[in-house]
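>>> what shape does this take:
(chains A, B, C and D)
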2 protein chains.
Amino acid sequence: MASLNDVARLAGVSKSTVSRVINQEYGVKPATIEKVNRAIEQCGYVVNQIAKDLKSSKTNLIGVIVPRVSSHAMSASVDGLSHVFDQKGKQVLLANTRQDDARICHYLDLFNQKRVEGILLFASTLNPTVVQAIKRSSAPVVVIGQDGSPYNIPSVIHDDYRVGFCAGEQLIKAGCQQVGFLGVQAEDIAVDQQRYQGLESALTTLSQTAPLFHYQGQFSIQSGYVAMTAMLAQYPDLDGVFCATDRIAIGAIQALQAQGITPGQAVKLMGVGDDELAQVVSPSLSTFNYAFDAAGESGAKMLLELLETGQSHVSKLVMGFNYISRATCP
Amino acid sequence: MASLNDVARLAGVSKSTVSRVINQEYGVKPATIEKVNRAIEQCGYVVNQIAKDLKSSKTNLIGVIVPRVSSHAMSASVDGLSHVFDQKGKQVLLANTRQDDARICHYLDLFNQKRVEGILLFASTLNPTVVQAIKRSSAPVVVIGQDGSPYNIPSVIHDDYRVGFCAGEQLIKAGCQQVGFLGVQAEDIAVDQQRYQGLESALTTLSQTAPLFHYQGQFSIQSGYVAMTAMLAQYPDLDGVFCATDRIAIGAIQALQAQGITPGQAVKLMGVGDDELAQVVSPSLSTFNYAFDAAGESGAKMLLELLETGQSHVSKLVMGFNYISRATCP
DNA sequence: TTGAAAGCGGTACCAA
DNA sequence: TTGGTACCGCTTTCAA
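Coordinates of the predicted model:
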């Protein structure tokens, strides 16, 4: 592949001159420009950004680590953030951990070697190993989805505790007295712990009851189905279920229907995330709108501010939400 | 940020020696290794992969261009391909055109400057400008989703014509006699043209009729709704609709229901893609299973083979599909 | 207006 | 076993 040197030789000028022409610098004789451009054309020269990056120690690269991309939350977030970075001329290096948290550290290190300017980490857990890896990263890291502020890590989170509380409120308002929670792994503070605690708080505060159960499954329709089936057997009297995600809720709906129960009547339920699925499923699923694209954008902007000013004024950004009432909890 | 030189000075040895220690090369005195490692620790040295990349002219970088990531097809494909690249130690540089085809060329050029080793392009159109940009790319390009073989561009495609034909077959078998097509922009050969032509061929061959209409809208539920509403007004007698994607079909279902028509009875319909939505919507949507994750993987493997052997034995890979019969076309 | 040379942070060959 | 040095491809003084 042709280099500056090749072009220079071909045009019969020096490297410096070619460099000047390429970067449209001031003070090159038009005739020389012409000569050089012909040479560039002739040998199909393409700038070597690697060499430039090395020389300037600037890569315009942003690392993004995700647990997977095929979920409403992830794909919307990635669309959001990529737009922001795009406008700033930053390129996105994408790493997919496939839900294997151990790989987070691996990618954090790899990204630092590649000299990314900053890293956006979509975390489902924030264990000590990960925190440590973040701490030793030279590139600033913004965490999305979990609260890193206790470790002084700038984060964008959803208002998970309050969502749980609202869910409790709504279920109580709808007349539920036996309410359970379908969550995920305990390590997921945001999705499992916070949402559960919010619910618990609402139930104790507003109706002097405690959640009937706290099931911990996976992020899938399948898992929601299994969970709901099991809980239904164990607590035949339950009349309200708060599901940590819409997909889990969809599984729960299917499980209820399999038992001849119409969701929204004897048993009310709701999910979180406003996945397109929620609008489409029948009966339609009451849920909370989480602005995932905005969260991605916000994380990106936060990181950019961190890069530009050396520090961000916001150390923790809590995204709001809206309750969307549909058929499963009218 | 500390460099080899800094470490060398700190350890009182030469760059070469530090390099040897870092790369665990053979023939360094244990005491020296110890010294160097202490120095590395002390100044927090991190390998500069940019410098290595320049020296070795090898980046381990793969460029991936997508029109957007928040769709079932895209997100599943990206999950698939990232797994394959991961295993080979390749990193993914992700570009999001946001459905703006003009940006494809921009990214192709940018990626070449960044010296990616290869490019995976998810295309919704393959216009002459794009073809030209692909041709001048030094990094090999594999196209996914559109057939580039006429231009001698290796591609992974879905069997769009045959899907259209099968859809026609199924609708006819279900008794439909007035069948229309809800497509997308004409530039999308695969999704709009091929699927339509397959349908047309089935109808003319098997029932000596022609499609009632060929509507061209967008890739969204909303657009499907609008389209179905309009077509229903124009062709009140229609009894079968083939939708280019599941999301369009979902919109169509909602439009039918808004008119008091039960999809699957007087009007049968089916989509393409086996989006999770199709399983969840009510009545459930008959569709064709496209293995998007496998398509992503295949594209990745094809590209890797191209990189390793200099040329691929496969120049066009056609992915199969399965018909999934559900309530909208029993 | 142009060229020579140093340097970004590594690797690799040759000498010592 | 170690160090010196050239070089990867580009930018950027400094001189000419």
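
>>> SS state for A:G63?
Following DSSP: H, G, I helix; E, B strand; the rest coil, A:G63 is assigned to strand.

>>> next one: the nearest residue to it once chain neighbours are set aside relative to A:A139, how far apart?
Distances taken as CB to CB, 6 or more residues apart in numbering or on different chains put A:F111 closest to A:G63, at 3.6 Å, once the chain neighbours are dropped. In this view, the C-beta of every residue, glycine as well, is placed from N, C-alpha and C. For A:F111, the distance to A:A139 equals 6 Å [CB to CB, to the nearest Å].

>>> then A:I157?
21 Å.

>>> same check on A:R247?
Going from A:R247 to A:A139 by CB to CB gives 33 Å.

>>> between these two, point out the one with more neighbours.
When A:R247 and A:A139 are compared for neighbours, A:R247 comes out ahead with 27 against 21, by other CB atoms under 10 Å in any protein chain shown.

>>> regarding that one, what is its secondary structure?
helix.

>>> does it touch A:L277 like I think?
Yes: between A:R247 and A:L277 a contact is recorded at 6.9 Å, counting by CB atoms under 8 Å.

>>> in which helix or strand does A:L317 reside?
strand A:316-319 (DSSP states H and E).

>>> typo on my end, A:Y323
Element membership for A:Y323 (DSSP H and E) is strand A:321-324.

>>> centre of the chain to that strand, how far?
Chain-centre distance of strand A:321-324: 19 Å, with CA atoms, centre = their mean, to the nearest Å.

>>> what helices or strands is that strand leaning on?
The helices and strands touching strand A:321-324, judged by 3 or more CB pairs under 8 Å, 6 or more residues apart in numbering or on different chains; DSSP states H and E, are helix A:160-173, strand A:287-290.

>>> in a markdown table: those, plus mean neighbour count.
Converted to a markdown table, the helices and strands packed on strand A:321-324 look like this (neighbours: other CB atoms under 10 Å in any protein chain shown):
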| stretch | mean neighbour count |
| --- | --- |
| helix A:160-173 | 23 |
| strand A:287-290 | 24 |
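
>>> looking at these, which is nearest to DNA strand D?
Evaluated with CB to the nearest atom of the strand, these place strand A:287-290 nearest to DNA strand D, the distance being 43.2 Å.

>>> which other helices and strands does the helix or strand just after that closest one contact?
Per DSSP H and E, the first helix or strand lying C-terminal to strand A:287-290 is helix A:292-309. In terms of contacts (3+ CB pairs under 8 Å, 6+ apart), helix A:292-309 is packed against helix A:72-87, strand A:118-122, strand A:141-144, strand A:155-158, strand A:316-319.

>>> quick one: the helices in the stretch 101-250 of chain A?
For the stretch 101-250 of chain A, the helices defined by DSSP state H, counting those that start in this stretch occupy A:102-113, A:128-135, A:160-173, A:195-207, A:221-234, A:246-258.

>>> winner for burial among these?
helix A:246-258 (a mean of 25; mean count of other CB atoms under 10 Å in any protein chain shown).

>>> ok, is that helix in contact with chain B or not?
Yes: against chain B, helix A:246-258 shows contacts by CB under 8 Å from any CB of the partner chain at A:I250.

>>> next one: stretch A:221-237
Yes: residues of stretch A:221-237 are located near chain B by CB under 8 Å from any CB, namely A:I221.

>>> what's that stretch in contact with?
A:178, A:180, A:182, A:212-213, A:215, A:217, A:238, A:241, A:243, A:247-252, A:254-256, A:258-259, A:261, B:276, B:280 (CB atoms under 8 Å, 6 or more residues apart in numbering or on different chains).

>>> just stretch A:125-139 next, same as before
With CB under 8 Å, 6+ apart as the test, stretch A:125-139 has contacts from A:63, A:101-102, A:104-105, A:108-109, A:111-112, A:115-119, A:121, A:123, A:141, A:143, A:146-148, A:151, A:153, A:185, A:187-189, B:1, B:44, B:46.

>>> try it again with 6 Å
Identification of contacts with stretch A:125-139 by CB atoms under 6 Å, 6 or more residues apart in numbering or on different chains yields A:101, A:104-105, A:108, A:112, A:116, A:118-119, A:141, A:146, A:151, A:153, A:187-188.

>>> got it, and stretch A:103-120?
A:59, A:61-65, A:95, A:97, A:130, A:133, A:137-142, A:299, A:303, A:307, B:46-47, B:49-50.

>>> a markdown table for the helices and strands packed on strand A:321-324, including distance to DNA strand D and mean pLDDT?
Converted to a markdown table, the helices and strands packed on strand A:321-324 look like this (distance: least, CB to the nearest atom of the strand, whole Å; pLDDT from 0 to 100):
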| stretch | distance to DNA strand D | mean pLDDT |
| --- | --- | --- |
| helix A:160-173 | 46 | 98 |
| strand A:287-290 | 43 | 97 |
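
>>> switch these over to a markdown table; also include distance to chain B.
Converted to a markdown table, the helices and strands packed on strand A:321-324 look like this (distance: least, CB to the nearest CB, whole Å):
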| stretch | distance to chain B |
| --- | --- |
| helix A:160-173 | 21 |
| strand A:287-290 | 13 |
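
>>> let me know which of the ones you listed is the nearest to A:I22.
A:I22 lies closest to strand A:287-290 among those, at 46.0 Å (CB to CB).

>>> distance from the chain centre to the closest one, please.
With CA atoms, centre = their mean, you get 15 Å for strand A:287-290.
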